[in-house]
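> got a predicted structure here, sequence first:
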Number of protein chains: 2
Amino acid sequence: MATECGTERIAGCQFNLSVMSDDFVDVILGSLDAVDMSKVWRDTDDVTTCVRGRVEHVFDVVKAVYLHAAKTGKHVEMSGTFSIGCPGDSSGDTYMDASAERMNEPAVADIQQKAGCKFALYPMNTTSYMDVIYEQIDLSKARGVEVSPSHYSTRLDGEVNDIFGAIEEAFTKVQEVVSHTTTTFTISANSPSSKK
Amino acid sequence: MATECGTERIAGCQFNLSVMSDDFVDVILGSLDAVDMSKVWRDTDDVTTCVRGRVEHVFDVVKAVYLHAAKTGKHVEMSGTFSIGCPGDSSGDTYMDASAERMNEPAVADIQQKAGCKFALYPMNTTSYMDVIYEQIDLSKARGVEVSPSHYSTRLDGEVNDIFGAIEEAFTKVQEVVSHTTTTFTISANSPSSKK
């Protein structure tokens, strides 16, 4: 099925941004507005926001949305699913001809923001998925984030920029060998019950 | 790999509950405290809460936590992953000898609360996963919730009790034929941008 799929290089992320404060609407809309989304297709409804396009632009946009919200100092969480190559997905709603330059990296690369994140890799349509997952856990260690096991996921602690960098690297590497790959994540910053 | 796995009937859910208000700590802790968790193992850290046990008790607890928070009328979201049979998971942290009676159903069955939810099924370690997913989409329709397609997920609209009922039924049916099954979901209630 994977080889018949013409959309396998269209990546996307469906995510929800949660701001634990009375002015959550302003923070969420402000973060979405602060991000350059010119290289992704984007749709927001009452449950999630979906962005689609090239892998690097999807990660660029999702990370930037989170950082713009978290830098307010409020307790901000984001959960989402990165996906590529889903056989059931449509081929539309993409901006695949965009150039590789990331539109938001210059604005967010220097933002210092600690967070904790739990993520899980799901290589689909393969019976060697556990081997692929174990390879990626080694890769995450190399990126300088603190890696620890958690039920149903791997926990990453460190700077938000490094956390998303590690997830993107794992996702990118897996999707090179597994056509349909998804990665789920939940990231939390400024929690009053934070470990650090 | 699946047949070697001694933990395949241990279900679990890792979820985060987000309350968009300044008193989020009180609402979150109040919801967790209001729920009878005597039949699940439970661990909460700054990112997520994990509960483990028999399938019915995991769903019973997660739904009850969400309903107790959402009934406050505040904008409340929950994202999470139900999982069963993960070959990489440990076999501990469970209460598998609990009886089948659901501890929280009497308290929450009559709570009327509309919500929107996006969920996705991931049958692992199989190359016929899309067929299994399509079967479950039919099943969801039969439960009376409104079902619509969404990128990377299926959207369910209706009462929270019916939404979790549909997800549990899909998850339960898939895990009978696919040893390692995961289901991700994001549910949102009382959003100021709600469709209804």
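Yep, that arrived.
> okay, CA-based contacts and neighbour counts for the rest of this
Noted.
> now do the contacts for A:Ser79.
By Cα atoms under 8 Å, 6 or more residues apart in numbering or on different chains, the residues touching A:Ser79 are A:Phe15, A:Asn16, A:Leu17, A:Thr184, A:Phe185, A:Thr186, A:Ile187, B:Ser79.
> so where do the helices sit in chain A?
For chain A, helices defined by DSSP state H occupy the ranges A:24-34, A:55-70, A:105-108, A:129-141, A:160-177.
> and the last one, anywhere near chain B?
This means helix A:160-177. No: Helix A:160-177 stays clear of chain B (Cα under 8 Å from any Cα of the partner chain), getting no nearer than 13.8 Å.
> quick one: neighbours of A:Ala100, just the number.
Using other Cα atoms under 10 Å in any protein chain shown, A:Ala100 has 12 neighbouring residues.
> returning to what we had before: can you put the helices of chain A in CSV and add mean pLDDT and mean neighbour count?
Listed next are the helices of chain A as CSV, based on pLDDT from 0 to 100; neighbours: other Cα atoms under 10 Å in any protein chain shown:
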stretch, mean pLDDT, mean neighbour count
helix A:24-34, 95, 17
helix A:55-70, 97, 24
helix A:105-108, 97, 14
helix A:129-141, 68, 16
helix A:160-177, 91, 20
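> wait, doesn't A:Asn161 sit right on A:Ala109?
Yes: using Cα atoms under 8 Å, A:Asn161 makes contact with A:Ala109 at a distance of 6.8 Å.
> on that earlier part again, so which of the contacts of A:Ser79 are in strands?
Counted as lying in strands by DSSP state E, out of the contacts of A:Ser79, are A:Phe15, A:Asn16, A:Leu17, A:Thr184, A:Phe185, A:Thr186, A:Ile187, B:Ser79.
> dump the residue contacts of the fourth one.
Applying Cα under 8 Å, 6+ apart to A:Thr184 gives the contacts A:Ser79, A:Gly80, A:Thr81, A:Phe82, A:Phe119, A:Ala120, A:Leu121.
> and what of the first one?
Neighbouring residues of A:Phe15 by Cα under 8 Å, 6+ apart: A:Thr48, A:Thr49, A:Cys50, A:Met78, A:Ser79, A:Gly80, A:Thr81.
> most widely separated two among those?
A:Cys50 and A:Met78 (12.8 Å; Cα to Cα).
> now, which of the contacts of A:Thr184 sits nearest chain B?
Closest to chain B out of the contacts of A:Thr184 is A:Ser79 (6.5 Å), distances taken as Cα to the nearest Cα.
> confidence score at the nearest residue to that closest one once chain neighbours are set aside?
Using Cα to Cα, 6 or more residues apart in numbering or on different chains and skipping residues adjacent in sequence, the residue nearest A:Ser79 is A:Thr186, 4.2 Å away. On the pLDDT scale, A:Thr186 is placed at 97.
> okay, how far is it across stretch A:101-111, tip to tip?
19 Å (Cα to Cα, to the nearest Å).
> revised request: answer the last question for stretch A:19-27.
Distance across stretch A:19-27, first residue to last, is 7 Å (Cα to Cα).
> hmm, who's touching it?
A:18, A:28, A:69, A:74-77, B:18-24.
> ditto for stretch A:49-64
Counting by Cα under 8 Å, 6+ apart, A:9-16, A:35-37, A:39-44, A:93-96, A:98, A:100, A:102-105, A:108, A:160-161, A:164, A:168, A:172, B:151 sit against stretch A:49-64.
> export that stretch to CSV, keeping only CA atoms.
What follows is stretch A:49-64, C-alpha atoms only, in CSV (Å, rounded to 0.1, in the frame of the first residue of the first chain):
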residue,chain,number,x,y,z
THR,A,49,-5.0,23.2,14.4
CYS,A,50,-3.7,21.3,11.4
VAL,A,51,-0.7,22.4,9.4
ARG,A,52,0.6,20.6,6.3
GLY,A,53,3.5,20.9,4.0
ARG,A,54,7.2,19.9,3.8
VAL,A,55,8.5,18.3,7.0
GLU,A,56,10.8,21.1,7.9
HIS,A,57,8.1,23.7,7.6
VAL,A,58,5.6,21.7,9.6
PHE,A,59,8.2,21.4,12.5
ASP,A,60,9.2,25.1,12.1
VAL,A,61,5.6,26.3,12.5
VAL,A,62,4.6,24.0,15.3
LYS,A,63,7.7,24.8,17.4
ALA,A,64,7.3,28.5,16.8
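> how far away from the center of its chain is that stretch?
Counting by Cα atoms, centre = their mean, to the nearest Å, stretch A:49-64 is centred 7 Å from the centre of its parent chain.
> name whatever forms a beta bridge with A:Pro149.
Under DSSP bridges, the beta-bridge partners of A:Pro149 are A:Thr154.
> that one contacts A:Ala120, correct?
No: using Cα under 8 Å, A:Pro149 is not in contact with A:Ala120; the gap is 10.6 Å.
> what's the nearest residue to A:Thr181 if we skip its chain neighbours?
In space, A:Thr181 is closest to A:Pro123, 4.6 Å off (Cα to Cα, 6+ apart).
> re the thing from before, and the contacts of stretch A:19-27, which are buried?
For the contacts of stretch A:19-27, a neighbour count by 16 or more other Cα atoms under 10 Å in any protein chain shown gives the buried set as A:18, A:28, A:69, A:74-77, B:18-22, B:24.
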